[in-house]
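In: Predicted model, plus sequence, below.
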Amino acid sequence: MTKRALITGITGQDGSYLAEFLLDKGYEVHGIKRRASSFNTQRVDHIYQDPHESGARFHLHYGDLTDTSNVTRIVAEVQPDEVYNLGAQSHVAVSFEAPEYTADVDAMGTLRLLEAIRFLKLGDKTRFYQASTSELYGLVQEIPQKEATPFYPRSPYGVAKLYAYWITVNYRESYDMYACNGILFNHESPRRGETFVTRKITRGLANIAQGLDKCLYMGNLDALRDWGHAKDYVRMQWMMLQQDRPQDYVIATGVQYSVRQFIDMAAKELGITLAFEGEGVEEKAVVRSVEGGNAPAVRPGDVIVAVDPRYFRPAEVETLLGDPAKAKANLGWVPQITLQEMVIEMVAADLDSARQHALLKRHGYDVAVSQEN
Ligand code: NDP
Ligand code: GDR
């Protein structure tokens, strides 16, 4: 029997990798996409299947996690074996600007899905994965963080996800549903949204290297994160739904770097050696030397990274480091892609796109490269 999966957030980074993964495994994949005034399916366009063709296994449904009747109807129509709740207002800084919306989507949206499964009496059939997060640890109470580490969220996003975490546990315990939380630490890829720190760095530096921008303005360079690759992490999302009984897992690499170190690694990949000078809001990254042909627009002495307090958060999560021992012991999961390999992949993808824009510009085409960050 072909298994049927429903993915909320299918147009996002994780949703797109998970959809590919499940299609490869022979699943019929259904995803919820939001109505937008322009196309928003770029990350899944390459796996789109024309519904007119027989045997199509990829289906998109218009919907929104804030809309109870819509979510319930889609669950009723799809009758999924597995639901992956990846949809969210996922940007921590934005959650301070839009706290109520973030709570509606990230907390109440999770409840709406769980209630749909319960109301439709699908509890015996449908397994539920909740995209929980290391942001639950916030002001960390223990290093490294594991499944039993107490939570202390530091943003409206973290607090909304805390509700989603516990309502998932509660439905598991109250209604005997197969529902579990993946407590995932930061994971990135060339498909990462452009305003998250890693992608902002690889894209920003690639644009500077090709003369499309001059300086990248950043927030807290001291923040420490445990960064993995999204491909490794979606594999684990599926593995969690294949166990005999539902359990919650921390998914992380167990290695930590600062934002400053990430900038340094990405710059090196472009052939740029940086020196960080000054402190706090005065800190800048100055180009020491440039090698190879990837950064023709950059000269020694250029300041290509500076701090802008605009990107500081009202409450910061300074350090996150996960302990994935339980995932390794129970499920044999270990990340396969190193941070270095991921930086190489992300820089190559952003350099490719910056080169295309620069080429068009040189030939007189007026291309606007979005500076939104
Ligand atoms: P993205 O921001 O890339 O994707 C979020 C997805 O949610 C997009 O498809 C987006 O649609 C969709 N979405 C946003 N609002 C709504 C809404 N109101 N109704 C329905 N769908 C909505 O996130 P990631 O792929 O990086 O993350 C996936 C999930 O995992 C999220 O829940 C995130 O909070 C969580 N998480 C992520 C981690 C990471 O490091 N990436 C770590 C831990 C948890 P659209 O494309 O239209 O914007
Ligand atoms: P995070 O990811 O908040 O951990 O949430 P993000 O990449 O946005 O920030 C990581 C750290 O970098 C610092 N930082 C900056 N961040 C951004 N976005 N832009 C900047 O200019 C900048 N300068 C420094 C931040 O302050 C922070 O400390 C991500 C999201 O994917 C969540 O959905 C997910 O739950 C968590 O990871 C785990």
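Out: Noted; the coordinates are in hand. Ligands and ions are numbered 1, 2, ... in the order given.

In: Does Tyr129 touch Gly182 like I think?
Out: Yes - the criterion here is CB atoms under 8 Å, and Tyr129 meets it with Gly182 at 6.5 Å. Every C-beta, even on glycine, is put in place using the N, C-alpha and C of the backbone.

In: what do those two both touch?
Out: Gln237, Met240 (CB atoms under 8 Å, 6 or more residues apart in numbering).

In: name the helices or strands packed onto the helix ranked longest in the chain?
Out: If you go by DSSP state H, the chain has its longest helix at helix 339-362. When contacts are defined as 3 or more CB pairs under 8 Å, 6 or more residues apart in numbering; DSSP states H and E, helix 339-362 packs onto helix 197-209, strand 228-229, helix 259-269.

In: Help me see whether the helix or strand following the second one makes contact with ligand 2, please.
Out: In other words, strand 228-229. Using DSSP states H and E, the helix or strand that follows strand 228-229 in sequence is helix 230-240. No - with CB under 6 Å from any ligand atom as the criterion, ligand 2 is not reached by helix 230-240; the gap is at least 9.9 Å.

In: Same question for the longest helix of the chain: list its buried residues.
Out: Neighbour counts over helix 339-362 (16 or more other CB atoms under 10 Å) mark 339, 342-343, 345-347, 349-351, 353-354, 357-358 as buried.

In: out of those, who's nearest ligand 2?
Out: Met346 (12.5 Å; CB to the nearest ligand atom).

In: Now stretch 308-322: average pLDDT?
Out: What stretch 308-322 shows for mean pLDDT is 98.

In: Report the backbone C-alpha coordinates of it in PDB.
Out: Only the C-alpha atoms of stretch 308-322 are listed here, as PDB (Å, rounded to 0.1, in the frame of the first residue of the first chain):
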ATOM      1  CA  ASP A 308      24.100  47.200  12.900                       C
ATOM      2  CA  PRO A 309      22.200  47.200  16.200                       C
ATOM      3  CA  ARG A 310      19.000  47.000  14.200                       C
ATOM      4  CA  TYR A 311      19.600  43.300  14.000                       C
ATOM      5  CA  PHE A 312      20.000  42.800  17.700                       C
ATOM      6  CA  ARG A 313      17.000  41.100  19.300                       C
ATOM      7  CA  PRO A 314      15.100  42.300  22.400                       C
ATOM      8  CA  ALA A 315      16.100  39.000  24.100                       C
ATOM      9  CA  GLU A 316      18.900  36.900  22.600                       C
ATOM     10  CA  VAL A 317      19.600  33.200  22.600                       C
ATOM     11  CA  GLU A 318      23.400  33.400  23.100                       C
ATOM     12  CA  THR A 319      24.400  29.800  22.900                       C
ATOM     13  CA  LEU A 320      22.900  26.500  21.700                       C
ATOM     14  CA  LEU A 321      24.600  23.100  21.600                       C
ATOM     15  CA  GLY A 322      22.700  19.900  21.200                       C
END
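
In: Show residues contacting that stretch.
Out: So stretch 308-322 is contacted by 92-93, 96, 134-135, 137-140, 143-146, 154-155, 158, 183, 185-186, 217-220, 222-226, 250-256, 281 (CB under 8 Å, 6+ apart).

In: distance between it and the chain's centre?
Out: Mean-position distance between stretch 308-322 and its chain equals 17 Å (CA atoms, centre = their mean, to the nearest Å).

In: How about stretch 159-179?
Out: 21 Å.

In: buried stuff in that stretch?
Out: So for stretch 159-179, counting by 16+ other CB under 10 Å, buried means 159-169, 171-172, 177-179.

In: Let me know whether it sits next to ligand 1.
Out: No - with CB under 6 Å from any ligand atom as the criterion, ligand 1 is not reached by stretch 159-179; the gap is at least 6.7 Å.

In: what's that stretch in contact with?
Out: Under CB under 8 Å, 6+ apart, the answer for stretch 159-179 is 85, 88, 95, 102-103, 105-107, 109-111, 114, 117-118, 123, 126-128, 130, 132-133, 135-136, 151, 153, 180-181, 183, 241, 245-246, 248.

In: does any part of it sit near ligand 2?
Out: No - using CB under 6 Å from any ligand atom, stretch 159-179 stays clear of ligand 2, coming no nearer than 6.8 Å.
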